[in-house]
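Undergrad: below is the sequence, then the predicted model.
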Amino acid sequence: MSADAPAPLSPDQIRVFLVVVDDTAEMRVALRFACRRARHTDGRVALLHVIEPSEYRHFMGVGDLMREEARTEAEILVQKLATQVQEMSGAVPIVYLREGNRRDELLKLIHEEPSISILVLGANTEASGPGPLVAALTGKFLNRLRVPLTIVPGNLDDSGVDAIS
């Protein structure tokens, strides 16, 4: 190792960029940003997908089937995204699958997992607003974050993301 080369980071010094994943366009922009930042800083990307509870509770069997289908779809989505993350960042992502309210599960994970360094979210740029998670975490729930929040505009194309990351 040359005198100019930085020493390798210990596991507790590695930046972990957490992205809450779903099937929105703005999430894909946030994911690209997180992957590029992780690659440039020798960090890692973590993926959180939260399966929200079904509103259908009239018949337990139907509700269980819907929950099982939602979990299968979530696993397929996360597996696909994990492959993309590995290609873009150069490292296998950390994956978290949870069930419950997205905001509540996100906040719990951030407090339970000390390795998470930065939360990266994509913001919807439509007139309807930035999205419920961005709105909540930049509003009354901001004080519950223990890590920096990076919000990436969801209307950036790949070259726009590459230019800022």
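TA: Yep, that arrived.

Undergrad: helices or strands up against the helix or strand harbouring I76?
TA: Counting by DSSP states H and E, the element that carries I76 is helix 60-89. Using 3 or more CB pairs under 8 Å, 6 or more residues apart in numbering; DSSP states H and E as the contact criterion, the elements in contact with helix 60-89 are helix 25-40, strand 44-51, strand 94-99. The way it works is simple: take the backbone N, C-alpha and C, and place the C-beta from them, glycine included.

Undergrad: got the angle for that helix vs helix 25-40?
TA: Orientation note: helix 60-89 sits at an angle of 40 degrees relative to helix 25-40 (axes from the mean of the first three to the mean of the last three CA atoms, to 10 degrees).

Undergrad: now helix 60-89: buried residues?
TA: Across helix 60-89, burial judged by 16 or more other CB atoms under 10 Å covers 74, 77-78, 81-82, 85, 88-89.

Undergrad: which secondary element of the protein has the worst mean pLDDT?
TA: The weakest-scoring helix or strand in the chain, judged by mean pLDDT, DSSP states H and E, is helix 60-89 (a mean of 88).

Undergrad: okay, the angle between it and strand 94-99?
TA: What separates the directions of helix 60-89 and strand 94-99 is an angle of 160 degrees, with the same axes, to 10 degrees.

Undergrad: beta partners of the spatially most central residue of the chain?
TA: Centroid-nearest residue in the chain, with CA atoms, centre = their mean: V19, separated by 1.2 Å. Beta bridges link V19 to L47, V120, judged by DSSP bridges.

Undergrad: hmm, R28 and it touching each other?
TA: No - if you go by CB atoms under 8 Å, V19 and R28 don't touch, sitting 9.8 Å apart.

Undergrad: and A34, how many neighbours?
TA: 33 (other CB atoms under 10 Å).

Undergrad: hmm, it is touching F17, no?
TA: Yes - taking CB under 8 Å as the definition, A34 is a contact partner of F17 at 3.9 Å.

Undergrad: how close does the residue lying closest to G43 once chain neighbours are set aside get to R102?
TA: The spatially closest residue to G43, leaving aside those adjacent along the chain, is R15, at 3.6 Å (CB to CB, 6 or more residues apart in numbering). Separation of R15 from R102 (CB to CB, to the nearest Å): 23 Å.

Undergrad: can you check A91 too?
TA: Distance from A91 to R102, counting by CB to CB: 25 Å.

Undergrad: and R32, by the same measure?
TA: 21 Å.

Undergrad: more neighbours: which of those two?
TA: Neighbour count, other CB under 10 Å: between R32 and R102, R32 has more, with 25 against 18.
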